[in-house]
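J.: mind looking at a prediction? Sequence and model below.
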Amino acid sequence: MAKYYLTNKAVDDLSEIWDYTIETWSEMQAEKYYDLLMASCDDLANNPELGRNYDIVTKGILGFKSGEHIIFYSIISKNEIEIARILHGMMDLKTLVSG
């Protein structure tokens, strides 16, 4: 079974996304969006080739758009990925992913 790991920064990103979504929309919407992001993480763990190359942001990193966010990850092994960040597509991705 495929696995994924979240870095501390990715966990912080999820927390910020959750808080923003509750404040802007509702708790129900936050739950739906969180579920979407987690389902995307599962999909990526099972099919890491789904993401596109984001070498322009950081060498060796892949990214996958989920909702309004991009899940940045690297492949650890055939059945494992590490989720580095989950960032809104309008953010300064290069600074945030490599920083």
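T.: Okay, I see it. Numbers count the residues shown, from 1 in each chain.
J.: excluding chain neighbours, what is closest to S74?
T.: Nearest non-adjacent residue to S74, counting by CB to CB, 6 or more residues apart in numbering: E82, 5.4 Å away. For glycine as for every other residue, the C-beta is placed from the backbone atoms N, C-alpha and C.
J.: hang on, the one you found in a helix?
T.: No. Counting by DSSP: H, G, I helix; E, B strand; the rest coil, E82 falls outside a helix, being strand.
J.: secondary structure element for D12?
T.: helix 8-24 (DSSP states H and E).
J.: after that helix, which helix or strand is next? Please name it.
T.: Assignment by DSSP H and E places the next element after helix 8-24 at helix 27-46.
J.: can you give the contact residues for the helix or strand that that next one is followed by?
T.: Using DSSP H and E, the helix or strand that follows helix 27-46 in sequence is strand 52-53. By CB atoms under 8 Å, 6 or more residues apart in numbering, the residues outside strand 52-53 that reach it are L62, G63, F64.
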